[in-house]
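Asker: test case, fold it:
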Amino acid sequence: MRKKMPEDKPDKLFAPDELLDAVRNHLIRSGYRAGDRIETEQQLAGRFRVSRSRMREVTTTLCQLGVLESRPRRGTILKSFDPVRAAEHVGFHFAVAGLNPADSWEARTVIEEAVLPLVVRRATPAALSEMRDAIRRMERRAQSVRQVYAADRDFHLLMLKSCGNRTLQAFAQVIINIFDRQYRGLRPSPELVTTSIEEHWSILKAVEEGDLRTARRILRRHLGGKEAHRRPWPDSRRRGGKVRAAALAGGD
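Answerer: Below is the predicted model:
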């Protein structure tokens, strides 16, 4: 339920970035939740004492960022967090900043290993069943690279979801989705796919048995094997790493 807030009465003109920040802060302070309809552009313009056209620029920007969504006959809605959309933005910035993909991969490994104790303690039978289904999808679709990677991604996202910590889950979802896009141009050997499936089963078994040490050891080996396969980007040295940048930015 949204709290009623007193009218904001700014005593200065807003620069473009200041107005955007002010509107975002207003949405947070007002207690809006995902799915709620926010005030109209006209109401927001009156609140912040700016023209409706300026407020439309702000709401359009927030829609482009995936924060808001304009729906016919419903008005403007606050959207729920979308890790795929966030990964697109972050992946692009990673690429143009020239960040080392190996460092980013290391960050993913650290996060997943750190989450494992929570997964072992909190994973429910329903969560374990969903992870089991993801591995079975990998087995059924072993001939399709894209579908194998999709099922692989789902397994790791489900594992993170089962940790019960929404903040950790949100950060990890963004990183995993970045590397899901990065994988698209790769063609793993049948042997690698088979090994990956076996490792997923072993991780799941260790989690089910509450064996944190084994789960961590297999996860580290599993992610390390993926990183070793990811390294040889085609012609990346001759092309100044452009293949890596394109992958991180979302290119196939």
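
Asker: residues near L44, how many?
Answerer: Counted by other C-beta atoms under 10 Å, the residues lying close to L44 total 24. Placement of C-beta: from N, CA and C, glycine included.

Asker: name the SS class of it, please.
Answerer: Classification of L44 by DSSP: H, G, I helix; E, B strand; the rest coil places it in helix.

Asker: any idea of the pLDDT on it?
Answerer: pLDDT, L44: 95.

Asker: what's near enough to touch it?
Answerer: V23, H26, I38, M55, V58, T59 (C-beta atoms under 8 Å, 6 or more residues apart in numbering).

Asker: output the longest helix belonging to the chain.
Answerer: Longest helix in the chain by number of residues (criterion: DSSP state H): helix 101-122.

Asker: alpha carbons of that helix, as PDB, please.
Answerer: Presented in PDB, the C-alpha positions along helix 101-122 are these (Å, rounded to 0.1, in the frame of the first residue of the first chain):
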ATOM      1  CA  PRO A 101      36.200 -10.900 -18.800                       C
ATOM      2  CA  ALA A 102      38.400 -13.200 -16.700                       C
ATOM      3  CA  ASP A 103      38.100 -10.800 -13.800                       C
ATOM      4  CA  SER A 104      34.300 -10.800 -14.200                       C
ATOM      5  CA  TRP A 105      34.200 -14.600 -14.400                       C
ATOM      6  CA  GLU A 106      36.200 -14.700 -11.200                       C
ATOM      7  CA  ALA A 107      33.600 -12.500  -9.500                       C
ATOM      8  CA  ARG A 108      30.900 -14.900 -10.600                       C
ATOM      9  CA  THR A 109      32.800 -17.800  -9.100                       C
ATOM     10  CA  VAL A 110      33.300 -16.000  -5.800                       C
ATOM     11  CA  ILE A 111      29.600 -15.100  -5.600                       C
ATOM     12  CA  GLU A 112      28.400 -18.600  -6.300                       C
ATOM     13  CA  GLU A 113      30.800 -20.200  -3.900                       C
ATOM     14  CA  ALA A 114      29.800 -17.700  -1.200                       C
ATOM     15  CA  VAL A 115      26.100 -18.400  -1.700                       C
ATOM     16  CA  LEU A 116      26.500 -22.200  -1.400                       C
ATOM     17  CA  PRO A 117      26.300 -22.400   2.500                       C
ATOM     18  CA  LEU A 118      22.900 -20.700   2.300                       C
ATOM     19  CA  VAL A 119      21.800 -23.000  -0.500                       C
ATOM     20  CA  VAL A 120      22.800 -26.100   1.500                       C
ATOM     21  CA  ARG A 121      20.900 -24.800   4.600                       C
ATOM     22  CA  ARG A 122      17.800 -23.400   2.900                       C
END
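
Asker: give the buried residues for the helix or strand just after it.
Answerer: Note on helix 101-122: by DSSP states H and E, the next helix or strand toward the C-terminus is helix 125-140. Going by neighbour count (16 or more other C-beta atoms under 10 Å), the buried part of helix 125-140 is A127, L128, E130, M131, R132, A134, I135, R137, M138.

Asker: now do the same for the most centrally placed residue in the chain: its pLDDT.
Answerer: For the chain, the residue nearest the mean C-alpha position is V174 (2.3 Å; C-alpha atoms, centre = their mean). Model confidence at V174, given as pLDDT, is 82.

Asker: just the CA coordinates of the helix or strand containing it, formatted as CSV?
Answerer: Secondary structure assignment for V174, by DSSP H and E: helix 166-182. Presented in CSV, the C-alpha positions along helix 166-182 are these (Å, rounded to 0.1, in the frame of the first residue of the first chain):
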residue,chain,number,x,y,z
ARG,A,166,17.2,-11.6,-2.5
THR,A,167,20.0,-9.1,-2.6
LEU,A,168,22.6,-11.8,-3.3
GLN,A,169,20.3,-13.4,-5.8
ALA,A,170,19.8,-10.1,-7.7
PHE,A,171,23.5,-9.4,-8.0
ALA,A,172,24.2,-12.9,-9.1
GLN,A,173,21.4,-13.0,-11.6
VAL,A,174,22.9,-10.0,-13.4
ILE,A,175,26.4,-11.6,-13.6
ILE,A,176,25.0,-15.0,-14.8
ASN,A,177,22.9,-13.4,-17.5
ILE,A,178,25.9,-11.4,-18.7
PHE,A,179,27.9,-14.6,-19.2
ASP,A,180,24.9,-16.4,-20.7
ARG,A,181,25.1,-13.8,-23.5
GLN,A,182,28.8,-14.2,-23.7
